[in-house]
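**Q** requesting a structural model of the entry that follows:
(one chain, ligands or ions: 1)
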Amino acid sequence: MSKVNPLHDEMKKRYEDMMTSLQHDDTDPYALAFHVMPPTGWLNDPNGACQVDGVYHLYYQYSPYDALGGLKYWGHYTSTDLVHFKDEGLALLPDQPYDLHGVYSGSAFVEGEEIHYFYTGNVKHLGEHDYITSGREQNTVHAVSYDGGMTIEKKRVVMDSNAYPSFLSNHIRDPKVRKVDDQYFMVLGARDLKSQGLVVMYRSDNLTDWTYHGSFLGPLEGMGYMWECPDFFSLNDQEVLILSPQGLAEDGLQYQNVYQSGYYIGDVDWENVTFDPKSDFIELDRGFDFYAPQTFEDESGRRVMWAWMGLPDAEYQNPVDHGWQHAMTLPRVLTVENQNLIQRPHPNYQQLRQNEEQRVVNITEGAYEYFTGKVAELHCTFDTVTQLEISIRKDVSLSYDTTTQLLTLALGASGHGRGQRQIKLEKLSELQLFLDRSSLEVFVNDGAYVMTTRMYLEPTEDKVEVTGELQGIIYHWLLDK
Ligand code: FRU
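**A** Numbering: from 1, shown residues only. Take a look at the predicted model:
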């Protein structure tokens, strides 16, 4: 690459020069302790997630020069335990005519000693364009790593923007590949010319030549104008299709965010290669900050999912005065149980637990229990709950009431525009909270629901208080890397 592409070398050098002069900032109260965040600048979707020879790779949408976003590269982290990550710098750069307005999202497909990457090369032409029906190219690009994911080479367009069917708009992106028997299947998210979202399917025998096979799912009534980041896999003998649709109308307590991410469980008709949902579209996370999830199967056969702990075009904010914005969620282990996708925090995070406190609690009106610590895990198992409020550092509250059967996550000023989100729950039996310096993930009833949010609490506050009427056991740990 270096001999033929001076632009690539120049861009890489500019980045590395910036990184050598970047000062470590230990004054940032919101820098995350145990979540992946960008070294500097902006991060969005997880890309190319995989595990090869024991090493986990997490690539990500990265705009290193601007915390408010900009031209997209792929950044790269590696890890051997999924908890401690090493920054490996830039993995893919927008250095070719077919990706010069961004190396957009994509995935990794491991085959033998090789890792095959597929991503979207975004190009915007100058001129009077709406960039929906004209002016945009979204090329599907293939690249390969022969050294276990450390360098990615041989970038090559396998489908240019003229190759897509004519009923589609210019928005068609985020390839994800899966092999079934001897065939490779690629899903892409798309918007058609009637502004309806769908997932389209391509097939190949060799990862290089791809033929259009038709719609895999959609368009569907009421399901929005664009579907981003599709992911499809089989898990516990069920077929799962994950997608991030845009343009869904709010529906009671559901679809409260500007864009959604969720899943269908269904059947795949492998002859016609179509997906037949057996479930409704179910949101993966009921908090404020979750989008564009991507899963991979690890070397022990677990299905692991990361998501962007953020949202595009959200009306709420994140402070960016320390030069970075956004992070990844914790990696979550997925299973299908009783036709639902269950998400549990990856068990490797248990190695961060310190200072264990275990309390058998019997709280009645007027009484309370409290714990101290900003970077912590709180695990509550309830025998009975009539009422519960967990108040975090005075400004974030998680509450449940048996009369309304509502679990409510509410943020005050620390939400920077985030208000409240609710889930209707017949019974609350368990809560597991992961508190980082500026994020909270709440796993409800052993992974049946999750609520994720960023939060910007007063650094001087560090108490978590539990009040209400309840009986159960509460564990508390400080988490330390
Ligand atoms: C989702 C998304 C993808 C796109 C990428 C660009 O957040 O819009 O559809 O490939 O981000 O950064």
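**Q** hey, what's residue 136 bridged with?
**A** residue 124 (DSSP bridges).
**Q** that one and residue 126 touch, don't they?
**A** No: Residue 136 lies out of contact with residue 126 (CB atoms under 8 Å); the separation is 11.7 Å. C-beta coordinates here come from the backbone N, C-alpha and C atoms, glycine included.
**Q** near residue 349, how many other residues are there?
**A** The local packing of residue 349 (other CB atoms under 10 Å) involves 17 other residues.
**Q** pretty sure it sits in a helix.
**A** Yes: assessed with DSSP: H, G, I helix; E, B strand; the rest coil, residue 349 lies in a helix.
**Q** from residue 313, how far out is it?
**A** 30 Å (CB to CB, to the nearest Å).
**Q** and the residue of the stretch 201-350 of the chain at minimum distance from the ligand, what does it touch?
**A** Among the residues of the stretch 201-350 of the chain, residue 228 lies nearest to the ligand; the distance is 3.7 Å by CB to the nearest ligand atom. Residue 228 sits next to 105, 173, 174, 189, 243, 244, 245, 246, 259, 292 when contact means CB atoms under 8 Å, 6 or more residues apart in numbering.
**Q** ok, now with 7 Å
**A** 174, 189, 244, 246, 292 (CB atoms under 7 Å, 6 or more residues apart in numbering).
**Q** wait, the fourth one sits on residue 229?
**A** What that stands for is residue 246. No: judged on CB atoms under 7 Å, residue 246 makes no contact with residue 229 at a distance of 10.7 Å.
**Q** what about those two, which has more around it?
**A** residue 229 (28 against 20).
**Q** which strand or helix spans that one?
**A** strand 226-235 (DSSP states H and E).
**Q** would you mark the buried spots in that strand?
**A** When burial is assessed from 16 or more other CB atoms under 10 Å, strand 226-235 yields the following buried residues: 226, 227, 228, 229, 230, 231, 232, 233, 235.
**Q** for the spatially closest residue to residue 41 that is not a sequence neighbour, what are its contacts?
**A** With sequence-adjacent residues excluded and distances taken as CB to CB, 6 or more residues apart in numbering, residue 41 is closest to residue 64, at 4.2 Å. Counting by CB under 7 Å, 6+ apart, residue 64 touches 15, 40, 41, 73.
**Q** now the residue of the chain positioned farthest from its centre: how far from the ligand?
**A** Residue farthest from the centre of the chain, counting by CA atoms, centre = their mean, is residue 366 at 39.7 Å. For residue 366, the distance to the ligand equals 47 Å [CB to the nearest ligand atom, to the nearest Å].
**Q** same question, residue 53
**A** For residue 53 relative to the ligand (CB to the nearest ligand atom), the value is 28 Å.
**Q** what sits up against stretch 260-274?
**A** For stretch 260-274, contacts defined as CB under 7 Å, 6+ apart pick out 180, 185, 201, 213, 216, 238-242, 244-245, 248, 275-279, 281-285, 290-293, 307, 336, 339, 341.
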